[in-house]
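Student: Predicted model and sequence below, questions to follow.
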Amino acid sequence: MTLTDEQVYAERLQTLSEGSVHISFDPYKDIDWDNPDWAVDPTDTRWILPKVDPLGSHAWYLSQPVEKQIAIGMWRQANVARVGLHFEQLLIRAFMQYMVRLENNDPAFRYITHEAAEECNHTLMFQEMVNRIGADVPGMDPISRKLTLAIWPAVSFFPELFFVMILGGEEPIDHLQKEILRGGDTIHPMLTRIMQIHVAEEARHISFAHEYLKLNVPKANFAKKAALSVATPIVMRLMAEMLAAPPAQFRREFDIPDSVIEELYWNSNQGKDTLRRIFADVRALSENIGLMNPVGRLAWRLCGIDGRASRYRGEPGRMLAKRDAFTELPRTA
Ligand SMILES: [Fe+2]
Ligand SMILES: [Fe+2]
């Protein structure tokens, strides 16, 4: 007996839900916050930015005194965590709004509730790290905060776009964290642990968004598909900038020349390459669900994030496949 698309979707969500029950992490039981080796110390060189962070490999950054490189690294890691938690808070609110309309027996209810619970835990672990680092970082800048309001009409009237926005937030964070873990640079163990947990749980979240879009986009009407084929690369580009570009306060605090920031995000070859690599999985998904029409393809190119699609989800970028640090995920409790 062949299963309908809806049955396949329900089975996959059941598997994801069971994954959430059996492999989950508690931010206070599974993170060894008080490990003496994890004490936050402004002379600890493990806070120096890894090479895969565009700023971490920039000549300006490398020419700064070590203490300043450490201070910049701590501030940046704290701010990335705070931007991440702002995004997750928005996602949790939007998911609750989305679920109000779900009917009894919709398999998405159970899985989304598991995912929202995991996101709550992520906000706890991110805020705990920010507090321990001690940098008073702002997180998402005010313009980005306003742009995120676009998510509300999407939740109610265009849920396929809402799920594209979810991917726009999750794919860049996940990709950059995997690149740091795979890159092999020495980084602070608190950061390593948090990224390992985050990458492990985000894999399920990203799978869910892919499953939702695979089921629903092919069934959408022509106008919705046409809008999505153009909106997808625009959302990816805008959200990657929101999540990765450092806020004005960061530039001021560390006297970072504007030319350096402009070059990094994303005018240098390395920056452009990173941006393209981040979305290889979304390009593959777009092809898979019929969104790569000629206009959509042009939109990907104009947004500067075109390129080949990944052959399988999570395929590492060529230059960074040295080490899969996140495949080992020891529990501390
Ligand atoms: Fe998360
Ligand atoms: Fe997530």
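Tutor: Alright, I've got the coordinates. Numbering: from 1, shown residues only. Ligands and ions are numbered 1, 2, ... in the order given.

Student: Please point out which parts of stretch 161-168 sit buried.
Tutor: Across stretch 161-168, burial judged by 16 or more other Cβ atoms under 10 Å covers 161-168. (C-beta placed from N, C-alpha, C; glycine too.)

Student: Isn't Asn127 up against His86?
Tutor: Let me fix one detail, which is that residue 127 is Gln and not Asn. No: judged on Cβ atoms under 8 Å, Gln127 makes no contact with His86 at a distance of 10.5 Å.

Student: Can you give me the pLDDT of Ala325?
Tutor: pLDDT recorded at Ala325 is 34.

Student: Could you say which helix or strand holds Ile72?
Tutor: In the assignment (DSSP states H and E), Ile72 maps to helix 66-99.

Student: show me the contacts for Ala231.
Tutor: The contact partners of Ala231, taken as Cβ atoms under 8 Å, 6 or more residues apart in numbering, are 161, 164.

Student: Can you tell me the element Leu3 falls in?
Tutor: Applying DSSP H and E as the criterion places Leu3 outside every helix and strand.

Student: What backbone torsions are found at it?
Tutor: Backbone torsions of Leu3, given as degrees, to the nearest 10, read phi -80, psi 150.

Student: re earlier: for the helix or strand immediately after the helix holding Ile72 in the chain, what is the average pLDDT?
Tutor: With elements assigned by DSSP H and E, the helix or strand that comes after helix 66-99 is helix 107-133. Helix 107-133 carries an average pLDDT of 97.

Student: now swap in stretch 181-200 and tell me
Tutor: For stretch 181-200, mean pLDDT is 93.

Student: is ligand 2 contacted by it?
Tutor: No: using Cβ under 5 Å from the ion, stretch 181-200 never reaches ligand 2; the gap is at least 8.0 Å.

Student: what's the span of that stretch, first residue to last?
Tutor: Across stretch 181-200, the terminal residues are separated by 12 Å (Cα to Cα, to the nearest Å).

Student: Give me the buried stretch members for that stretch, please.
Tutor: For stretch 181-200, burial by neighbour count (16+ other Cβ under 10 Å) applies to 181-183, 187-188, 190-200.

Student: quick one: which of Gln127 and His86 has more around it?
Tutor: Set side by side, Gln127 and His86 show more neighbours around His86, with 21 against 14, by other Cβ atoms under 10 Å.

Student: Looking at the stretch 1-150 of the chain, which residue is nearest ligand 2?
Tutor: Closest residue of the stretch 1-150 of the chain to ligand 2, Cβ to the ion: Glu119 (5.5 Å).

Student: Can you tell me which helices and strands the lowest-mean-pLDDT helix or strand in the chain packs against?
Tutor: Ranked by mean pLDDT, DSSP states H and E, the weakest helix or strand in the chain is helix 142-147, scoring a mean of 74. Under the contact criterion of 3 or more Cβ pairs under 8 Å, 6 or more residues apart in numbering; DSSP states H and E, helix 142-147 touches helix 222-244.

Student: for the helix it packs on, the distance to its chain's centre please.
Tutor: Helix 222-244 sits 15 Å away from the centroid of its parent chain (Cα atoms, centre = their mean, to the nearest Å).

Student: And ligand 2, is it touching that?
Tutor: No: residues of helix 222-244 are not located near ligand 2 by Cβ under 5 Å from the ion, the shortest gap being 12.5 Å.

Student: For that helix, buried residues please.
Tutor: The neighbour-count check on helix 222-244 (16+ other Cβ under 10 Å) flags 224-225, 228-240, 242-244 as buried.

Student: Now do it against helix 66-99: the angle between them, please.
Tutor: For helix 222-244 against helix 66-99, the angle by axes from the mean of the first three to the mean of the last three Cα atoms, to 10 degrees is 150 degrees.

Student: Show the subsequent helix or strand relative to the least confident helix or strand of the chain.
Tutor: Next along the chain after helix 142-147, taking DSSP H and E as the criterion, comes helix 151-157.

Student: for the next helix or strand after that following helix, packing partners?
Tutor: Using DSSP H and E, the helix or strand that directly follows helix 151-157 along the chain is helix 159-183. When contacts are defined as 3+ Cβ pairs under 8 Å, 6+ apart, helix 159-183 sits against helix 66-99, helix 151-157, helix 189-216, helix 222-244, helix 269-278, helix 280-288.
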